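A.B. asks: whatever this is, show me its structure:
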Amino acid sequence: MITIEVITSVPPCSGGRLLLKRVEQLKQEYGEHIEIAKFEGLNEKTGEYKIVNGPAIIIDKDIRITGMCPSIETLHNALREAGL
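C.D. replies: Numbers count the residues shown, from 1 in each chain. Okay, here's the model as predicted:
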């Protein structure tokens, strides 16, 4: 199982809202093969990963993208690179 962590601002900006929708699309496509954890605002994960710009997506503890919402194709590629 691959863990996807999503960090957005509070309230989520337009990129954060779009990222949340795309991650839900991934959940529908990959089902039990992925686990999604969502974090909002400043929290333990922003400190742990030293994230200063949201939205951010972390796949299996690897920071993949910060400061923008990636395309769905980029997310699929990131999951393939992570071994899915």
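A.B. asks: hey, what's the residue nearest to the spatial centre of the chain bridged with?
C.D. replies: For the chain, the residue nearest the mean C-alpha position is Ile57 (2.9 Å; C-alpha atoms, centre = their mean). With DSSP bridges as the criterion, Ile57 is bridged to Val6, Ile65.
A.B. asks: and it, what pLDDT?
C.D. replies: The confidence metric pLDDT takes the value 96 at Ile57.
A.B. asks: that one contacts Ile4, doesn't it?
C.D. replies: Yes - at 6.7 Å, Ile57 counts as touching Ile4 under the criterion of C-beta atoms under 8 Å. Where C-beta positions appear, they are placed from N, C-alpha and C, glycine not excepted.
A.B. asks: residue contacts, Met49?
C.D. replies: Just so we're on the same page, residue 49 is Tyr rather than Met. 7, 56, 58, 63 (C-beta atoms under 8 Å, 6 or more residues apart in numbering).
A.B. asks: rerun at 7 Å
C.D. replies: 58, 63 (C-beta atoms under 7 Å, 6 or more residues apart in numbering).
A.B. asks: ok, and the closest non-adjacent residue to Pro70?
C.D. replies: Ile57 (6.9 Å; C-beta to C-beta, 6 or more residues apart in numbering).
A.B. asks: what number of residues lie near Ser14?
C.D. replies: A count of nearby residues for Ser14, using other C-beta atoms under 10 Å, gives 9.
A.B. asks: please apply the same query to Cys69.
C.D. replies: Cys69 has 22 nearby residues by other C-beta under 10 Å.
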